[in-house]
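Undergrad: Turn this into a model:
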Amino acid sequence: MKYRPLGRTGLSVSEICLGTMTWGSQNSEAEGHAQMDLATELGVNFFDAAEMYPTTPLAAETVGRTEEIIGSWFAANGRRDDVVLASKITGAGNDKVRGGEPITADSVRRALDASLKRLKTDHIDLYQLHWPNRGSYHFRQNWTYDPSGQKPDAVKANIAEVLHELGEQVKAGKIRHVGLSNESAWGVMQFAAIAERDGTPRVASIQNEYSLMHRIFDLDLAETAINEQVGLLAYSPLAAGLLTGKYTAGAIPPGSRGAINKGLGGRHTEYAVSVADEYCEVARKHGLDPAAIAIAFGLTRPFMTAVIIGATDLDQLKTNIGAAEIDLSDAVMADIAAVYRRHPLPL
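TA: Predicted coordinates for the structure are as follows:
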């Protein structure tokens with residue numbers, strides 16, 4: 001396993017990050033513990049959670065269960081110090097979590113304390129804002145995105161308020177560093193500028209969707225990430241499973257995410273499946289596992305800090321973690337580029 005710097009924090013994190021959003025719904029507590037055992041055995045030192053997890057499906061009665069499973073693992077084996085732990089406060093509008101309230105200084109205090117209690121720890125290494133209060137063009141909203149109704153002065157005032165509170169939580173030792181998620185280039189730069197102006201915590205990372213089939217990060221956000229040292233933590237590197245080939249020809253395997261979350265968050269369309277099949281064919285042509293080639297591609301990107309992988313069984317987990325050991329040849333990269341030019345934005 002290779003390790004990469006987490007922004008300017010001084011921390012080094014495994015380039016494969018263990019995602020946890022299925023624990024407590026698709027996966028039992030015992031299965032979550034087994035995944036953490038195997039991942040750490042294979043060199044993974046970076047876990048990513050969120051107060052709203054699990055999401056397969058997202059339900060008010062299971063909110064926080066994933067963090068509880070991580071907490072019970074820490075309590076059972078005392079390995080908290082072996083892990084760089086990331087979690088998130090939910091953005092505005094999700095009524096299943098704290099009534100859908102926005103991220104404010106007050107909600108940060110309450111959400112953070114609740115996460116720490118569930119996680120059975122006194123600190124979170126990377127505390128992330130799950131999505132901005134003003135909304136996001138992520139989650140397939142890029143097709144209709146219109147920021148013209150935003151009030152930039154109010155946005156900046158809220159960012160300053162939240163960063164000041166996060167700074168207080170750093171001083172209190174409850175968090176170590178701050179990250180963003182589902183943000184834009186403009187948003188990242190506001191956080192950077194306000195932190196520099198006010199002496200508040202500087203964001204270390206941005207967790208956005210990135211895969212062979214969703215590469216909108218490659219342009220302005222890539223430039224921002226590299227120049228500001230705010231590396232990408234890529235979620236959905238397998239396009240919610242499309243890039244494994246399991247949904248070919250309209251198949252919906254029982255127990256799969258596609259069977260639980262209908263439509264895979266807008267990703268599961270006839271066109272998207274056909275494009276995923278082209279990438280799977282590239283993998284087969286070169287004797288590689290389709291999931292492994294997708295994850296390995298993410299690790300070639302110059303702005304990447306870590307690729308967040310998820311699995312529902314240990315065989316999937318081994319394949320996904322093993323992708324870190326794959327070096328993609330020039331021939332593989334050329335075939336990937338050819339598919340990308342034909343289908344630049346299939347999701």
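
Undergrad: quick one: the helices in the stretch 1-150 of the chain?
TA: Remark: helices assigned in the stretch 1-150 of the chain by DSSP state H, counting those that start in this stretch are 29-41, 65-77, 105-119.

Undergrad: Of all the ones you listed, which one is nearest residue 181?
TA: Of all those, it is helix 105-119 that lies closest to residue 181, at 14.0 Å by Cβ to Cβ. (C-beta placed from N, C-alpha, C; glycine too.)

Undergrad: mean confidence for the closest one?
TA: Mean pLDDT, computed over helix 105-119, is 98.

Undergrad: Name the stretch among the helices of the stretch 1-150 of the chain that sits most buried.
TA: Most buried of these, by mean neighbour count (mean count of other Cβ atoms under 10 Å): helix 65-77, with a mean of 20.

Undergrad: Mind listing residues that contact it?
TA: 20-21, 23-25, 29, 32-33, 36, 47, 49-51, 53-54, 79-80, 83, 85, 87, 115, 118-121 (Cβ atoms under 8 Å, 6 or more residues apart in numbering).

Undergrad: Now do the helices in the stretch 201-347 of the chain.
TA: Going by DSSP H, counting those that start in this stretch, the stretch 201-347 of the chain shows helices at 220-228, 257-260, 270-285, 290-298, 314-322, 330-342.

Undergrad: Can you pull out the residues in contact with the fourth one?
TA: Taking contacts as Cβ under 8 Å, 6+ apart, the residues outside helix 290-298 that touch it are 16, 210-212, 234, 237-239, 243-245, 279-280, 282-284, 286, 288, 304, 307, 309, 316, 319-320, 322-324, 326-328, 332-333, 336.

Undergrad: Show me which of those are buried.
TA: Taking 16 or more other Cβ atoms under 10 Å as the criterion, what is buried in the contacts of helix 290-298 is 16, 210-212, 234, 237-239, 243-245, 279-280, 282-283, 288, 304, 307, 309, 316, 319-320, 322-324, 326, 328, 332, 336.

Undergrad: can you count the residues close to residue 231?
TA: Neighbourhood size, residue 231 [other Cβ atoms under 10 Å]: 24.

Undergrad: Contact partners for residue 147?
TA: Residue 147 neighbours (Cβ under 8 Å, 6+ apart): residue 134.

Undergrad: other SSEs contacting the lengthiest helix in the chain?
TA: Longest helix of the chain, by residue count under DSSP state H: helix 152-171. When contacts are defined as 3 or more Cβ pairs under 8 Å, 6 or more residues apart in numbering; DSSP states H and E, helix 152-171 packs onto helix 105-119, strand 124-129, strand 175-181, helix 185-198.

Undergrad: avg pLDDT for the second one?
TA: Taken as a whole, strand 124-129 has a mean pLDDT of 98.

Undergrad: Give me the angle between it and helix 185-198.
TA: 120 degrees (axes from the mean of the first three to the mean of the last three Cα atoms, to 10 degrees).

Undergrad: Neighbouring strands - and their directions - for strand 124-129?
TA: Looking at strand 124-129 with DSSP bridges, its partner strands are strand 84-89 (parallel), strand 175-181 (parallel).

Undergrad: Report the angle between that strand and helix 105-119.
TA: 140 degrees.

Undergrad: Return the alpha-carbon coordinates of the worst-scoring helix or strand of the chain on mean pLDDT using CSV.
TA: Every helix and strand of the chain was ranked by mean pLDDT, DSSP states H and E. The lowest is helix 257-260, at a mean of 72. What follows is helix 257-260 as a C-alpha-only set of coordinates in CSV (Å, rounded to 0.1, in the frame of the first residue of the first chain):
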residue,chain,number,x,y,z
ARG,A,257,-27.2,-1.6,-4.5
GLY,A,258,-29.2,-1.3,-7.7
ALA,A,259,-31.9,-3.5,-6.1
ILE,A,260,-32.0,-1.4,-3.0
